[in-house]
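Chemist: sequence-free structure coming up:
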C-alpha cells in the first residue's frame with residue numbers, strides 16, 4: 001500500500017559519538033524522492049548522524065524512523081532488513097579487491113537474501129547499466145579509475161531498489177570533474193524516485209547543483225528550507 005510517510009523522520013533526537021553529544025535535540029524530515037545535502041565542518045556530527053540513521057550507532061535519546069523502521073527500538077536481527085531498504089555509499093569504496101566487480105555485487109545480493117541465479121544476473125546487468133558501466137562485470141576493482149569504482153559502489157547500493165541513498169562524502173576522493181559526473185548520476189537516480197541524503201565538504205558541488213541543505217553546526221541542525229545558511233562562505237563546509 002502506498003504510504004506518504006517521510007523516508008526519514010528525526011524528532012527530538014540526540015546523537016552521540018562514544019559518550020560525547022555531537023547533535024542535541026534535532027528534528028527534520030526527508031520526504032520520498034527528496035534530495036538533500038548534509039554539510040558541516042569536520043567533527044560537527046555529519047558521519048555520526050548518518051551512522052545513526054542506518055543503525056551503526058545506537059540512538060539513545062529521541063525518535064528516528066528510517067524506511068519504516070524505528071531506529072530507537074530496532075533489534076539487531078532487523079538491521080539487515082533496514083539496510084535492504086536503504087543504500088549506503090562510502091568515500092573509501094569498500095570493494096573487495098580480490099574479486100571482480102560482478103562478484104562484489106553478487107556477494108551483496110547473496111548476503112541480502114537473493115537466491116535465483118537468473119534474477120541476480122539480470123539485476124546485476126541493470127544496475128551496472130544504470131551507472132553507465134555496462135562492460136565492467138569481469139574487471140577487478142584495481143583495473144578501474146576512482147570514478148568508475150565509485151559508480152560500482154553506487155550500483156551496489158542500488159541492488160535492492162532502496163527508498164533512500166545515504167552517501168557519506170562520496171566524492172571526497174575524486175577530482176572535481178569526476179565528482180560532478182557522480183553528482184549528475186545521483187540526480188538521475190533521484191529523478192527516478194529514490195531519495196538522496198549526501199554528506200559533503202564540497203562547496204563547489206553545492207554551488208553547482210543547488211538543493212536543500214542541512215547543516216550540522218554547534219550541536220544543532222540548520223535547514224535551508226527554514227533557516228538562513230551562508231552558502232557563499234566555503235569555511236562553513
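Modeler: Looks like it arrived, so ask away. Values in this document were obtained by computation on a predicted structure and should not be read as measured data. Residues are numbered from 1 along each chain as shown.

Chemist: Correct me if wrong: residue 180 contacts residue 205.
Modeler: Yes - assessed by CB atoms under 8 Å, residue 180 is found in contact with residue 205 at 7.2 Å. Placement of C-beta: from N, CA and C, glycine included.

Chemist: Neighbour count for the two, which is higher?
Modeler: residue 205 (20 against 17; other CB atoms under 10 Å).

Chemist: rewinding a little: what is in contact with residue 180 and residue 205 at once?
Modeler: Common neighbours of residue 180 and residue 205, using CB atoms under 8 Å, 6 or more residues apart in numbering, do not exist here.

Chemist: what about the most far-flung residue of the chain relative to its centre, which helix or strand?
Modeler: Each residue of the chain has a distance to the centre, and by CA atoms, centre = their mean the biggest one is for residue 118: 27.8 Å. Taking DSSP states H and E as the definition, one finds residue 118 inside helix 117-130.

Chemist: who's in contact with that helix?
Modeler: Residues outside helix 117-130 that contact it (CB under 8 Å, 6+ apart) are 101-102, 105-106, 109-110, 114, 134, 136-137, 152, 155-156, 158-159, 189.

Chemist: switch the cut-off to 10 Å
Modeler: Under the criterion CB atoms under 10 Å, 6 or more residues apart in numbering, residues 101-102, 105-106, 109-110, 114, 116, 133-137, 151-152, 154-161, 185, 188-189, 192 lie in contact with helix 117-130.

Chemist: wait, what's in contact with residue 97?
Modeler: Counting by CB under 10 Å, 6+ apart, residue 97 touches 104, 140, 141, 142.

Chemist: The most centrally placed residue in the chain pairs with what?
Modeler: Centre of the chain computed as the mean C-alpha position; nearest residue by CA atoms, centre = their mean is residue 166, 1.4 Å away. When bridges are called by DSSP bridges, residue 166 pairs up with residue 88, residue 197.

Chemist: cool, and residue 15?
Modeler: Beta-bridge pairing of residue 15 under DSSP bridges involves residue 23.

Chemist: Can I get the buried part of the contacts of helix 117-130 as one ChimeraX selection?
Modeler: In ChimeraX syntax, the buried subset of the contacts of helix 117-130 is picked out as below (16 or more other CB atoms under 10 Å):
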select :101,102,105,106,109,114,133,136,137,151,152,154,155,156,157,158,159,160,185,189
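
Chemist: Alright, that wraps it up for me.
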